[in-house]
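Asks: Fold the following.
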Amino acid sequence: MRVILRKAAFYLLTAWAAISLNFVIPRIMPGNPADNLINQFHGKLSPQAVHALRVLFGQSGQNLWQQYIGYWHSIFTGDFGISYAYYPSSVSSVLGQSMFWTLILVTVSTVLGFVLGTALGMLAGWKRGSWLDSTLVPVTTFLSSIPYFWFAIIVVYLFAITLKWFPLSGGYAVDQTIGLNAGFIESAVNYAILPAATITAASVGGWLIGMRNMMVTTLSEDYVRLAEAKGLPKRRVMYSYAARNAMLPSLSGFAMSLGFVVGGSIVTEVVFNYPGIGSVLFKAAQAADYPLMSAIFLLITVLVLLANLAADIAYVFLDPRTRES
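Replies: Numbers count the residues shown, from 1 in each chain. Coordinates of the predicted model:
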């Protein structure tokens, strides 16, 4: 229990530092995004209207400490203000509409990449030196070395433009109504296949190499050799003795990889024009929409920290040596 409390305290401190940094960065960047919106009216706004817009966007002349207190208040209340890029929509409503798409895409892609990479790495490590090992490692390493942006463009050109197997961009067909109906679900799945496959293929290599190396190390341990000497079935030795212990570092790294996967998904969403956080962040950056960008970074930070905390807690229960240390 003491180990879990220590880890929780560490992540709370990390969350405070990340959230505070998220507050500071937009305020030290050059430019005033509120002026960008006001300038769109070409001087036709009265001074009272200009002042009202500045108050609406949180620029009412407060000092930095008052803004910091207000920032924490907005976090706990979920009121992040008005979005410049999607004016007059609130930041919370914009995030609510796009977050679901990214969560589904990231969850499916991360789980698929982890399962495929771990399973293939287990086989490559078990049959080290075979043609399977010699083929899987360089191929998946090559795929992982390609930047998400270029990999997504290649996938779009090959499967959407040339072969026309999948839709080019978007999240669902324009003739579908969003809802829990068969037509929309089928359309959404069809549009999500290419983005999910891009993220999955780009992440498999890391899991495969890590699992393969751990399998090779674990197979040389005395308890594995003893199990083989006892004449236990090879399948049982591979799964129950070698793979089970070799998988522990991968489970710990699973949540840590979420940050990289989310970063890759943001780029992938922009290429596929997928209606998730990535496309929203791209538009927010173009419009210098600091409230929206700040809320997105905050959301990603909190989700990644929570996932890491959950992985660390699970690791404590899965590996007794952690509790003893």
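Asks: need the contact list for Leu112.
Replies: Contact analysis of Leu112 by Cβ atoms under 8 Å, 6 or more residues apart in numbering lists 196, 200. To be clear about C-beta, it is placed using only N, CA and C from the backbone, and glycine gets the same treatment.
Asks: Ok, Leu298 next?
Replies: For Leu298, the contacting residues are 19, 22, 75, by Cβ under 8 Å, 6+ apart.
Asks: Just give me the closest of the residues you listed to Leu163.
Replies: Closest approach to Leu163 among these (Cβ to Cβ): Asn22, at 41.9 Å.
Asks: Which strand or helix spans the closest one?
Replies: Element membership of Asn22, judged by DSSP states H and E, is helix 2-28.
Asks: Can you give the contact residues for stretch 151-165?
Replies: Contacts made with stretch 151-165 from outside it, assessed by Cβ under 8 Å, 6+ apart, are listed as 143, 146, 166-169, 194-195, 197-198, 201-202, 267-268, 271-272.
Asks: So the closest residue to Ile266 other than its chain neighbours: helix, strand or coil?
Replies: Closest residue to Ile266 in three dimensions, ignoring its sequence neighbours and counting by Cβ to Cβ, 6 or more residues apart in numbering: Gly278, at 3.5 Å. At Gly278 the chain is in helix, as set by DSSP: H, G, I helix; E, B strand; the rest coil.
Asks: Gly278 touches Glu269, doesn't it?
Replies: Yes - taking Cβ atoms under 8 Å as the definition, Gly278 is a contact partner of Glu269 at 3.0 Å.
Asks: residues shared between the contacts of the two?
Replies: When contacts are counted by Cβ under 8 Å, 6+ apart, Gly278 and Glu269 are jointly contacted by Thr102.
Asks: Please tell me how far stretch 199-210 is from the chain's geometric centre.
Replies: Its chain's C-alpha centre lies 15 Å from the corresponding centre of stretch 199-210 when counted by Cα atoms, centre = their mean, to the nearest Å.
Asks: Can we start the residue count at 11 from this point?
Replies: With 11 as the first residue, the last one maps to stretch 209-220.
Asks: Name the surrounding residues that touch that stretch.
Replies: Residues lying outside stretch 209-220 but in contact with it, judged by Cβ under 8 Å, 6+ apart, are 115-116, 119-120, 122-124, 126-128, 130-131, 134, 146-147, 150-156, 158, 161, 259-260, 263, 267, 270-271, 274-275, 278.
Asks: Output the contacts of Leu308 as JSON lines; include the columns pLDDT, distance to Ser99 and neighbour count.
Replies: Listed next are the contacts of Leu308 as JSON lines, based on pLDDT from 0 to 100; distance: Cβ to Cβ, whole Å; neighbours: other Cβ atoms under 10 Å:
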{"residue": "Ile29", "pLDDT": "85", "distance to Ser99": "23", "neighbour count": "18"}
{"residue": "Asn32", "pLDDT": "79", "distance to Ser99": "21", "neighbour count": "19"}
{"residue": "Ile85", "pLDDT": "83", "distance to Ser99": "19", "neighbour count": "16"}
